[in-house]
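[1] What would the 3D arrangement of this be:
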Amino acid sequence: MLTQEGRVALEDIADLNQLKWELNSLPAVDVGDYITELPRKRRAIAFRLLNKAQAIDVFEYLPQEVQEDLIGSLHDTHVCQIMEAMRPDDRAELFDELPAGVVKRLVQQLSPSERQATATILGYPEGTAGRVMTTEYVRLREGLTVGEALSKIRLSDQDKETIYYAYVTDDNRKLVQVVSLRQLLFSIPNALIRDVASNRVIKAYTEMPQEEVARLMQRYDLLALPVVDREDRLVGIITIDDVIDILEEEATEDIQKLAGVGGGDEEALSPPLVTIQNRLPWLLGVMALYIGAASAIAPFQTVISQVPVLAVIMPIFSNTGGTVAIQAVTVTIRGLSVGEVTPLDTLKILRKEILAALGTASALGLTLFLLSFIWTTPSSRWVGIIAGLVMAINVFVAVILGTLLPMGIKRLKLDPAMMSGPLLTTTLDAVGFVIFLSLISLSLNVFGLKVQ
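    Okay, here's the model as predicted:
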């Protein structure tokens, strides 16, 4: 960690020798955190204290908004050195966020090989394997010996993303085998690569969705996954650190959608304007749904005035049904996201959920009926009976919909997280209230039941 003297030195912008020594001796990730926490005007000062190698490492650990600020603050030569040394996939991700004019200027100053690598990645659609892969990998020809392969790896390991795996291709760059560094180290140097490498190659295609890539690597416990084009030619690899970022991104997006937050880039410390832009459209949409639910209740104002206890029962009725629905939706979406279940498992899951729904609905319906004894008189116990019955029906429907809707959306090749919590709960409220108040109205007007 940085000493207090180092922090004071930056604040005073005086003797920076101590701070410079500390920044260049700490792990890059810690320096990245330190620079991120600095006031915006001081970040470039601290970054300029880093030597070239440390600056390149630290830059990749900085949040994108900090990277963008530094690009505007640093000299072009310094920026170009960093851009040239960045991994192609990280560079492409940063270019996605920068203004087009800035990207064009930076691309023109890259070396031809790095420019080509960046253009290749940017040419694939967002959210696919091609967009998150890196073009830095070890490729071996079939005719090499183990000794020759190890020599090649020694010469190339400084500018490759990972050397845990090497990929064997034919003369047309088609991927045919994969070999681990462990296999090479424990093989006879004169042995041919084709005799040592494995023919069982797990691979991703450039157009494969990134969440499927993450599940594939998780399933087979891979540190890296080769990416091929439609002709099975090797074009890149995806590493485990990229998969961690993908899983975090997908989980964040699902949580935001489920909570009714716009699936943007909002973070806990985002500027207020970003928060408003992400949340307001969803909140206005939810308000429209609530207006619809309220409109469904409006015709029953006379009934509510005749049975004042409904004002106590209805909020319990609404909140409980909504919570049950969110529980069912969350469990189903989580199962679909991690690959535990697929739409083909719908009937099996539905049988289990129906049994669970029957038990849950019966227990909650009975509980609401018993609670109604607190607010009703002996002559109005019938209100509690109807409330308990409708509560049971609503909970049962909530569990079934919370299971079936995400499955149906997934079967349509869409994101099941589209079934947000507010949308489902508001719909259930509207339907439940109409059924509940209709039965109360029927009891008052047809069967002549009274509330005293």
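[2] hey, let's count contacts and neighbours off CA atoms from now on
    Fine.
[3] V176 and A197 touch, don't they?
    No. V176 is not in contact with A197 according to Cα atoms under 8 Å; the separation is 9.4 Å.
[4] which residues are in contact with both of the two?
    V168 (Cα atoms under 8 Å, 6 or more residues apart in numbering).
[5] Pull out the buried residues from the helix or strand hosting D241.
    Using DSSP states H and E, D241 falls within helix 240-258. The neighbour-count check on helix 240-258 (16 or more other Cα atoms under 10 Å) flags 240, 242-243, 246-247, 250-258 as buried.
[6] helices or strands up against that helix?
    helix 210-220 (3 or more Cα pairs under 8 Å, 6 or more residues apart in numbering; DSSP states H and E).
[7] any idea whether V227 is helix, strand or coil?
    strand (DSSP: H, G, I helix; E, B strand; the rest coil).
[8] how deep is A129 tucked in, by neighbour count?
    Neighbour count of A129, defined by other Cα atoms under 10 Å: 29.
[9] Just the pLDDT for it.
    On the pLDDT scale, A129 is placed at 93.
[10] Phi, psi for it please.
    phi -60, psi -40 (degrees, to the nearest 10).
[11] give the contact list for G432.
    Contacts of G432 (Cα under 8 Å, 6+ apart): 318, 390, 394.
[12] Could you rerun that using 7 Å?
    N394 (Cα atoms under 7 Å, 6 or more residues apart in numbering).
[13] Which strand or helix spans I291?
    helix 272-297.
[14] Redo the buried residues of helix 240-258 as JSON lines? Include pLDDT and distance to Y167.
    Below are the buried residues of helix 240-258 laid out as JSON lines (pLDDT from 0 to 100; distance: Cα to Cα, whole Å):
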{"residue": "I240", "pLDDT": "89", "distance to Y167": "17"}
{"residue": "D242", "pLDDT": "86", "distance to Y167": "19"}
{"residue": "V243", "pLDDT": "87", "distance to Y167": "19"}
{"residue": "I246", "pLDDT": "84", "distance to Y167": "23"}
{"residue": "L247", "pLDDT": "81", "distance to Y167": "25"}
{"residue": "E250", "pLDDT": "76", "distance to Y167": "29"}
{"residue": "A251", "pLDDT": "75", "distance to Y167": "31"}
{"residue": "T252", "pLDDT": "75", "distance to Y167": "33"}
{"residue": "E253", "pLDDT": "74", "distance to Y167": "33"}
{"residue": "D254", "pLDDT": "71", "distance to Y167": "34"}
{"residue": "I255", "pLDDT": "72", "distance to Y167": "37"}
{"residue": "Q256", "pLDDT": "71", "distance to Y167": "38"}
{"residue": "K257", "pLDDT": "69", "distance to Y167": "39"}
{"residue": "L258", "pLDDT": "65", "distance to Y167": "40"}
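[15] Throw those residues into TSV and include distance to G402, thanks.
    Listed next are the buried residues of helix 240-258 as TSV, based on distance: Cα to Cα, whole Å:
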residue	distance to G402
I240	33
D242	32
V243	29
I246	26
L247	23
E250	20
A251	19
T252	20
E253	19
D254	15
I255	16
Q256	17
K257	15
L258	12
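[16] and those, which two are the farthest apart?
    Based on Cα to Cα, the longest span within the buried residues of helix 240-258 runs between I240 and L258 and measures 26.8 Å.
[17] how about low-confidence regions in the stretch 51-200 of the chain?
    Low-confidence regions of the stretch 51-200 of the chain, defined by pLDDT under 70, span residues 157-162.
[18] where along it do the strands fall?
    For the stretch 51-200 of the chain, the strands defined by DSSP state E, counting those that start in this stretch occupy 139-141, 165-169, 175-180.
[19] tell me which strands and helices the last one is in contact with?
    With contacts defined as 3 or more Cα pairs under 7 Å, 6 or more residues apart in numbering; DSSP states H and E, strand 175-180 has these neighbours: strand 165-169.
[20] Swap in 10 Å and give it another go.
    strand 139-141, strand 165-169, helix 193-196, strand 224-228, strand 234-239 (3 or more Cα pairs under 10 Å, 6 or more residues apart in numbering; DSSP states H and E).
[21] related to what we said a few turns ago, show me what the helix holding I291 packs onto, helices and strands only.
    Using 3+ Cα pairs under 10 Å, 6+ apart, helix 272-297 is in contact with helix 240-258, helix 421-445.
[22] cutoff 7 Å now
    Using 3+ Cα pairs under 7 Å, 6+ apart: helix 272-297 touches helix 421-445.
[23] rewinding a little: the helix holding D241 to helix 272-297, inter-axis angle?
    40 degrees (axes from the mean of the first three to the mean of the last three Cα atoms, to 10 degrees).
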